[in-house]
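Colleague: what follows is a predicted structure for the sequence shown.
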Amino acid sequence: MLLALLGNDNAVGEFEERLWECARQAERRVNAAFFGGRAPTRQECGEEVVVDGCAKPITRAMLLGQQKHVLALQCVREVLEELWPRPFSLEQRYRYYPNAKVLEFVTPEEEARLIAQGCTRELWRTIKPDIVLHADDNWRRAVLTLDFKFPCPDTNEARWREYGEDSAYVGSNQRDVYKAALRGKAVIISPQGVILR
């Protein structure tokens, strides 16, 4: 499908390479700012540095990942505007009901209002992929869903997050839920590469 939409193998190769470069560039820039260019250690990654509005601890790995995501998504927007000839969504939140197979659009205004309330329990049944590539104007369908992963330390494997007991999707991982909700392939982009599994 991606090949058909982009036109040829070279275009697909360039597209993947540019997305991968966005991840590598974000990794380098944040590591340079905080660690003088070196990667953080396992101990540094695991340190709890803040507590969020729900009284949950935030590790340095999580904060670094958030900052790397911001930079990577800035880069990705430029790549998509240049190379992706169809609509795309960046960090669009959806409410997904797996039993009913219903997917709802959560507006940025609704998301901001819920987050401003402090504890985000109202976002419990939602997903928020980094990038959704659409074949047409149907925002409920993806050709490809992409998520950035920045393992910390960098020797960890980039992998999909498993949903735990406190999730609406317990027993599944992000890839499975993204594929079921948006009905397209789901792929990881990390400084380690583009991961198709």
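Modeller: Received, thanks.

Colleague: make it CA atoms for all contacts and neighbour counts henceforth
Modeller: OK.

Colleague: SS state for the residue nearest to residue 19 when sequence neighbours are not counted?
Modeller: Computed as C-alpha to C-alpha, 6 or more residues apart in numbering, the closest residue to residue 19 that is not its neighbour in sequence is residue 76, at 6.4 Å. Secondary structure state of residue 76, per DSSP: H, G, I helix; E, B strand; the rest coil, is helix.

Colleague: can you read off the pLDDT for residue 76?
Modeller: Residue 76 is assigned a predicted lDDT (pLDDT) of 96.

Colleague: next secondary structure element downstream of the lowest-mean-pLDDT helix or strand in the chain?
Modeller: When each helix and strand of the chain is scored by mean pLDDT, DSSP states H and E, helix 2-6 comes last, with a mean of 51. Next helix or strand after helix 2-6 toward the C-terminus (DSSP states H and E): helix 9-35.

Colleague: quick one: low-confidence parts of the chain?
Modeller: 1-11, 51-55, 118-120, 197 (pLDDT under 70).

Colleague: what segments of it are strands?
Modeller: 48-51, 57-59, 88-90, 93-97, 102-106, 126-127, 131-133, 144-148, 185-190, 193-195 (DSSP state E).

Colleague: quick one: distance of the last one to the chain centre.
Modeller: Strand 193-195 sits 13 Å away from the centroid of its parent chain (C-alpha atoms, centre = their mean, to the nearest Å).

Colleague: which parts of that strand are buried?
Modeller: For strand 193-195, burial by neighbour count (16 or more other C-alpha atoms under 10 Å) applies to 193, 194.

Colleague: repeat that for stretch 19-34.
Modeller: 19-31.

Colleague: show me the contact partners of it.
Modeller: Residues from elsewhere that reach stretch 19-34, judged by C-alpha atoms under 8 Å, 6 or more residues apart in numbering: 37-40, 64, 67-69, 71-73, 75-76, 79, 148, 150, 189-194.

Colleague: do that again at 7 Å, thanks
Modeller: Stretch 19-34 is contacted from outside by 37-39, 68, 71-72, 75-76, 189-191, 193-194, using C-alpha atoms under 7 Å, 6 or more residues apart in numbering.

Colleague: what's the answer for stretch 85-95, then?
Modeller: For stretch 85-95, the surrounding residues in contact (C-alpha under 7 Å, 6+ apart) are 103-106, 125-137.

Colleague: repeat for stretch 123-136
Modeller: 86-96, 141-148, 167-168.

Colleague: list buried residues within those.
Modeller: In the contacts of stretch 123-136, the ones that pass as buried (16+ other C-alpha under 10 Å) are 87-90, 92-96, 141-148.

Colleague: list the contacts for residue 178?
Modeller: By C-alpha under 7 Å, 6+ apart, the neighbours of residue 178 are residue 186.

Colleague: quick one: it from residue 163, how far?
Modeller: 12 Å (C-alpha to C-alpha, to the nearest Å).

Colleague: circling back: type out the ChimeraX command that picks the buried ones from the contacts of stretch 19-34.
Modeller: In ChimeraX syntax, the buried subset of those is picked out as below (16+ other C-alpha under 10 Å):
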select :39,68,71,72,75,76,189,190,191,193,194
